[in-house]
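Chemist: quick one, what's the 3D model for this:
(chains A, B, C and D)
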Protein chains: 4
Amino acid sequence: MENTFAIPTLGPCEVESPLAAFHDHEGKTIDFVEDSNCILVDDTVSAVRAHAARGGECLALELAGPRERIFFEPARVRVGIVTCGGLCPGLNNVIRSLVIAAEWHYRVEKVFGFRYGYAGLAKPDGEVLLDAESVSEIHKLGGTVLGSSRGPQDVEQMVDRLEKLGISILFVIGGDGSMRGALAMAEVVRRRRLKLAIVGIPKTIDNDLQFMDQSFGYQTAFGEAVRAIDCAHREAKGAPHGIGLVKLMGRHSGFIACAAALASGDANFVLIPEVPFRLEGPRGLLAVLQRRLERRQHAVIVVAEGAGQDLLAQSGEERDASGNVKLQDIGLFLADRIKSHFAQVAFEANLKYIDPSYIIRSVPANPADAVLCTSLGLNAVHGAMCGKTEMMLGMWHRRLVHVPIHQAIAARNRVDPTGTLWLSVLGATGQPLAFV
Amino acid sequence: MENTFAIPTLGPCEVESPLAAFHDHEGKTIDFVEDSNCILVDDTVSAVRAHAARGGECLALELAGPRERIFFEPARVRVGIVTCGGLCPGLNNVIRSLVIAAEWHYRVEKVFGFRYGYAGLAKPDGEVLLDAESVSEIHKLGGTVLGSSRGPQDVEQMVDRLEKLGISILFVIGGDGSMRGALAMAEVVRRRRLKLAIVGIPKTIDNDLQFMDQSFGYQTAFGEAVRAIDCAHREAKGAPHGIGLVKLMGRHSGFIACAAALASGDANFVLIPEVPFRLEGPRGLLAVLQRRLERRQHAVIVVAEGAGQDLLAQSGEERDASGNVKLQDIGLFLADRIKSHFAQVAFEANLKYIDPSYIIRSVPANPADAVLCTSLGLNAVHGAMCGKTEMMLGMWHRRLVHVPIHQAIAARNRVDPTGTLWLSVLGATGQPLAFV
Amino acid sequence: MENTFAIPTLGPCEVESPLAAFHDHEGKTIDFVEDSNCILVDDTVSAVRAHAARGGECLALELAGPRERIFFEPARVRVGIVTCGGLCPGLNNVIRSLVIAAEWHYRVEKVFGFRYGYAGLAKPDGEVLLDAESVSEIHKLGGTVLGSSRGPQDVEQMVDRLEKLGISILFVIGGDGSMRGALAMAEVVRRRRLKLAIVGIPKTIDNDLQFMDQSFGYQTAFGEAVRAIDCAHREAKGAPHGIGLVKLMGRHSGFIACAAALASGDANFVLIPEVPFRLEGPRGLLAVLQRRLERRQHAVIVVAEGAGQDLLAQSGEERDASGNVKLQDIGLFLADRIKSHFAQVAFEANLKYIDPSYIIRSVPANPADAVLCTSLGLNAVHGAMCGKTEMMLGMWHRRLVHVPIHQAIAARNRVDPTGTLWLSVLGATGQPLAFV
Amino acid sequence: MENTFAIPTLGPCEVESPLAAFHDHEGKTIDFVEDSNCILVDDTVSAVRAHAARGGECLALELAGPRERIFFEPARVRVGIVTCGGLCPGLNNVIRSLVIAAEWHYRVEKVFGFRYGYAGLAKPDGEVLLDAESVSEIHKLGGTVLGSSRGPQDVEQMVDRLEKLGISILFVIGGDGSMRGALAMAEVVRRRRLKLAIVGIPKTIDNDLQFMDQSFGYQTAFGEAVRAIDCAHREAKGAPHGIGLVKLMGRHSGFIACAAALASGDANFVLIPEVPFRLEGPRGLLAVLQRRLERRQHAVIVVAEGAGQDLLAQSGEERDASGNVKLQDIGLFLADRIKSHFAQVAFEANLKYIDPSYIIRSVPANPADAVLCTSLGLNAVHGAMCGKTEMMLGMWHRRLVHVPIHQAIAARNRVDPTGTLWLSVLGATGQPLAFV
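Modeler: Here you go, the predicted structure:
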């Protein structure tokens, strides 16, 4: 009846897992997961009934977790780890968890870390040895001890390097661009018939990845954003008709802006990519903002960096002529437009603009993200030891699952403008459902 | 095919929700939820297949969320809120969210808060009026602005008071004891045929409630616990053969201890109620601890308050004779036993005992818990406005659901000694699967 | 022998202080301070000897503290409080301390707070009543509950308002501009022969005020700045040849930049207004930076907003022609210059720019600043009750003192480029003594 | 005229300091300090006048700082560092600063750290090599990377070890006990005519050391204590007649309790060793507490561990009979007495006891303490390089000074019960001047 997102593997699992030796106080072994343990993508009763009615299939995802039999002989396994793209809270936690799981649970031969993303894979001497000792305190620091970089590298060259180092498992911690790089490497691996598993741990601070309930670092990020909103609130209340304007991450989705606004309770307007807004007109942002200032003396606006791109596009001409690059930034654009509006109508208003930028992404993971990163790392190792490849860890309805990389990156999560998250934001801010 | 946990209601929903007036930028209304929107309790493919095979039913839970038609006429609704039992991070967030949702989304007539738990319900003058203004900053403080108390009150008297104040909806924020109190009131309400909905928002810092993936305050609590473990780690490393011993909450379940240990990465032994342990013998805790000190010079032990109760019971006799109450506390008991062990074997060891106690539960909610509390409050209001009663909010596979109170309190969540959480803890600590 | 900075007073102190009724467990009264209790401005042995040798005078400052006899009859005193200029951590703590000291120690009749700085003094209805209850939790919030504003107001009008409200004591919490406003009011007060004391509590987040060892909010501010530097460090280490550039406050003095760099330990270059630097040439910043990147792969630069103004001035022409306002900001200017330098020499470098801006000044005071603010408020009340006026609180060699406002604002504290603070910064950063 | 506390030295300073090569942007050298640069211990005008009148001497302290000529040839200097006694925030910062100053400013040959206090000095293999790289991130961790221990070791043996390792300078970071140990070693050194300087960096989290305005770690400690008080406050307000009781450090002095209470603003009673108090009687603590509960419903009590020792002594007999050790702890003693009082008078009261213990001392230094530690380390190196010995760093009226160890440990700082600190506490708490 089901149709799982099938996970490619390097071959049959014929080695007994070292974890099979574990027994609890009653002599029971640990709970192994089987590949057939899948959960429904749509778990509503109506969906199940519909499928049953037409005798059809329903999509399901394979659960992550330790398997009783694995593909690789642990003692001969060399593991590689690479972190790609922008910083995100928790990178070091994931690295640490991968190393500890590989070393402690499976006793693999060696773990290499590649320096500065794919760049470290594409050249000699780009790797360092990692062990439990050397990673023991790294999770207390933000950033990544391996370094990261953006952009692609020569795929053949990277696979050459992996072969040369005798790597059996490569863990790629990165966003959708890096996952595409991982698929490209996997293709070469397949062509060369290498026994090399490539497993992704998805990194997206914006929380916009499919089949990933909540990506690591996201909680920490919106938690930091709350601090910025709190400051904006104090600035707004500290001046006559004060306006605090905070720009947050979120190029394609407004999750950070929404969650930070909900947690803070101090935001009065939240602007996200998913919900277009107008500036002008009696129901436009400027008029609504002015009415709020008249009534309440202050206002806090949270804007995701990807919001209002249509407005920026409209103002494109002026931008080109003046050569002023400021307008490409929705935060600065809004700050300008708000200031000039209140100047025009001769209404005293004091706007303070806060762009916390890197401060949000380079902090250490908070404890909840730390736990999530530990699970992701541990389960990525469980999956990879079974020779699963071209897959990444996902989280679906709170359980860790295996997702084929190509499926995971096919689309993005976005805030639903008629859904309950956005409804909560409206309740928390008191803003209208739309500025139209 | 399904068999929902049916939610009692006060009557049919014949009033249009004020939320029906909301429209987004494209003119669409918000996504209303219908009572028939249910999700499976067991969403594994094998379970569904098994049910299908025998044409049977499967358990399902009703999704929380706004309904298009509601039971109460909002303008006549008076809401009561009461917080019961011990403090938990997020109480003020839930109160705030209830007030804002009732006021902003439904424009109810009045919201009362009862002071000091059920005690405030059982006497005149036990209530205060709450509105959006008065609750606007309370979520930045720990504790509960309403105050709380433990223990039951006269049920008839409480319902008298609710009638007298004209309350239509009572929100009870509390643990399983308080939920039993809510059921007792509901019984009187039914007998008196009152139009009074009683809805629970479950509070359990230990995260041990059924049908509640993650209870509010839990994340904040284990996050604070990480600080205590970090201090224990510094103390342990700061002295020759230093031992840091931290007692954490968790009377029946070790979730806080496990999560804090995973997040911290510094714990070397985690002791929880679900996994019995021995002190003596070559594989007992004392011997394993000593070997670790010899090898690594320091150790950090995290013990949940409910762990090792069998050991305390064994030592009961000595306790009675000496009259020393210390041994009822597993933290102090362990500290004593460890000290006397090392004294006996003449091995220098320096134990530092940390009992963070109330420091963990009376802090403000962290941003992630703040978001959760906001959702719980908002959805509790949605449900209550529909006349649903004797139910509480739950979270199942990441979605908020309605759960009959009597079902929710029938059993407890516990850490599975052969499951992946405990396996992660073993990997993070390096401790044996069992001290046997 | 001494020559105190004499403090103007409204008249002789003939009222017994209510504090005279206090007795400790041995029956002793509290330690009252007399106006003759002064401390030397220059307390070095050589200075004292020099003075003694020539029989001369030496400058001394009057100690703050409770006096046994005061000028005002407490029960008739109405107090006004106003906060002016930009936000600074601790404003609410000072307000709270003034209110509590006035109410609890002296039992004054009333305390008014004026809204939005001098603007609230210049118009009717600009005041609110404050009491111990209403200020009890305000110190936990950043900003100022009274609001603030910049710029002067009509002086006669403000004094009219003070007279109308029957104010005997006005506390001005503000920077040097506000202190000039206070002096202007005091002149009118003198001319009108009012019994109105005007006492300043100096606010300068940059810590650049004379006779003020350490201004309130400064510690909190540089503490927050450390967080930004830490993020810059993670960003710098996270990318190939990563450069983290952080702009901090400090228009005229580099105290925040120096202290934050010392506390952080992660800054590699600190640029402050007091120490000019060159960009070009073999010893210029760009070349030194490049050498560091070659050697160490990453670098963190901390720049005070007032640094390098000569460089900005030089680049003035290009700025005018292009109409690009960015170059007025040393942070953005440096970011541009560094990027274009490495582009020119075709050296891969990844610069991340962080401008924490308002995030640093609108947070709540840290505990040490909270203690300082409490003392400043309390002692300001002690002084004002004695009819002292046109003076402000200062701190000299760790003791609180009275300083005539006109003396205090005559010059600024600056970092000494050959002194020990700067030497410490050089040691901590490893940067050259000068980029010349 | 002056009479400095003379600092013993190993001999004349005939080596040019490497710092003499430093020049700023105008070609000026750094500001060197001369031994004759002293500041008055009593800098009041009246003291100076009194001395002048009788042609007498006045006590003065030598300023710390870099000297132009030093005693040791830097390239041959081996430095030893040892941390002794209990943990204190900032230990790692001081270690780091000593290493960086020795390495960067003076280019010494080697720096050794001794493991676990004097124990590491008294045995072979007790040392590790330290350099700027290995200490670069240690200041972000609490505790001490060297480890610490209590208690004396064989003095001859320690000096043997120092000789054997060729140590020229030993830095002892510790409390008064450790300073006595340092003096004992110095005596042996003198007897053996070694060229070995022993310099102390005083560590006292209680801030009770003479000639030390503010000891490192103290600010961090009371800052952490504020968190505990805040929790106590929430607990107190969260229950009917709630009492939050917090025990803080302070065996001989109440500085931490006073500062934490002032910073918090939530304490209603502060009990310190310097101010005796009664429990019984109409003005005793119990009666005053009860009246507060009646009036305000809740109360927060902060007690320093050394407070009320006379009360404990009185209750000595009962203690001996029962064998119950609890009564030796003032926190538990008070908790018991308060509970039994309210039980006796049948007054509902809910006491929550918080003993944050090690949580306060093992956290990392806050930024202000970090700056202080950096200065202490740097200046200790400056002094030691001049062959100064048997001295420790002090801080007097905000300047770092050299103090002979035997003078520094001759007495303790204590809170003055009639002074302004205690007066501030009374104002902040509203408690009576004494419970008599």
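Chemist: make it CA atoms for all contacts and neighbour counts henceforth
Modeler: OK.
Chemist: is A:G242 in a bridge, and if so with what?
Modeler: A:H298, A:N350 (DSSP bridges).
Chemist: so how far is A:R234 from it?
Modeler: Noted for A:G242: a distance of 9 Å to A:R234, by C-alpha to C-alpha, to the nearest Å.
Chemist: in contact with the residue in the stretch 51-200 of chain A that chain C sits nearest to, which residues are there?
Modeler: In the stretch 51-200 of chain A, the residue that lies nearest chain C is A:G147 (4.0 Å; C-alpha to the nearest C-alpha). A:G147 is in contact with A:83, A:115-117, C:237-240, counting by C-alpha atoms under 8 Å, 6 or more residues apart in numbering or on different chains.
Chemist: ok, so of those residues, who is nearest chain D?
Modeler: C:K237 (13.2 Å).
Chemist: next one: phi and psi at that closest one?
Modeler: phi -80, psi -20 (degrees, to the nearest 10).
Chemist: measure it to A:K123 for me?
Modeler: 19 Å.
Chemist: pull the number of nearby residues for the closest residue to chain C within the stretch 201-350 of chain A.
Modeler: Closest contact between the stretch 201-350 of chain A and chain C, by C-alpha to the nearest C-alpha, is at A:G238 (4.0 Å). Neighbourhood size, A:G238 [other C-alpha atoms under 10 Å in any protein chain shown]: 30.
Chemist: what sits closest to it if chain neighbours are left out?
Modeler: C:G147 (4.0 Å; C-alpha to C-alpha, 6 or more residues apart in numbering or on different chains).
Chemist: determine the three-state secondary structure at the one you found.
Modeler: Using DSSP: H, G, I helix; E, B strand; the rest coil, the structure places C:G147 in coil.
Chemist: more neighbours, C:K237 and A:K123?
Modeler: C:K237 (25 against 16).
Chemist: just the pLDDT for the residue lying closest to that one once chain neighbours are set aside.
Modeler: Spatial nearest neighbour of C:K237, chain neighbours left out: C:H298 (5.7 Å); criterion: C-alpha to C-alpha, 6+ apart. pLDDT for C:H298: 97.
Chemist: quick check, C:H298 in contact with C:E235.
Modeler: No - using C-alpha atoms under 8 Å, C:H298 is not in contact with C:E235; the gap is 9.1 Å.
Chemist: between those two, who's got more neighbours?
Modeler: Using other C-alpha under 10 Å as the criterion, C:H298 and C:E235 rank with C:E235 on top: 34 against 26.
Chemist: the more buried one - that's part of a strand, no?
Modeler: No - according to three-state DSSP, C:E235 belongs to no strand; its state is helix.
Chemist: look up how far D:A132 lies from it.
Modeler: 21 Å.
Chemist: got the phi and psi for A:V77?
Modeler: phi -80, psi 130.
Chemist: give me the number of residues near it?
Modeler: 21.
Chemist: surely it and A:V108 touch.
Modeler: Yes - under the criterion of C-alpha under 8 Å, A:V77 makes contact with A:V108 at 5.2 Å.
Chemist: now for C:H298 and C:E235: what residues contact both?
Modeler: If you check C:H298 and C:E235 against C-alpha under 8 Å, 6+ apart, the residues they both contact are C:242-243.
Chemist: so what's the residue lying closest to A:S36 once chain neighbours are set aside up against?
Modeler: Leaving aside its sequence neighbours, A:S36 sits nearest to A:E62 (C-alpha to C-alpha, 6+ apart; 6.9 Å). Contacts for A:E62 (C-alpha under 8 Å, 6+ apart) come out as A:4-5, A:35-39, A:401-403.
Chemist: buried among the residues you listed? Need that as a selection in ChimeraX.
Modeler: Buried residues among the contacts of A:E62 (16 or more other C-alpha atoms under 10 Å in any protein chain shown), as a ChimeraX selection:
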select /A:4,5,37,38,39,401,402,403
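Chemist: so can I have JSON lines of the contacts of A:E62 showing pLDDT?
Modeler: Below are the contacts of A:E62 laid out as JSON lines (pLDDT from 0 to 100):
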{"residue": "A:T4", "pLDDT": "73"}
{"residue": "A:F5", "pLDDT": "89"}
{"residue": "A:D35", "pLDDT": "94"}
{"residue": "A:S36", "pLDDT": "92"}
{"residue": "A:N37", "pLDDT": "93"}
{"residue": "A:C38", "pLDDT": "95"}
{"residue": "A:I39", "pLDDT": "96"}
{"residue": "A:V401", "pLDDT": "97"}
{"residue": "A:H402", "pLDDT": "98"}
{"residue": "A:V403", "pLDDT": "97"}
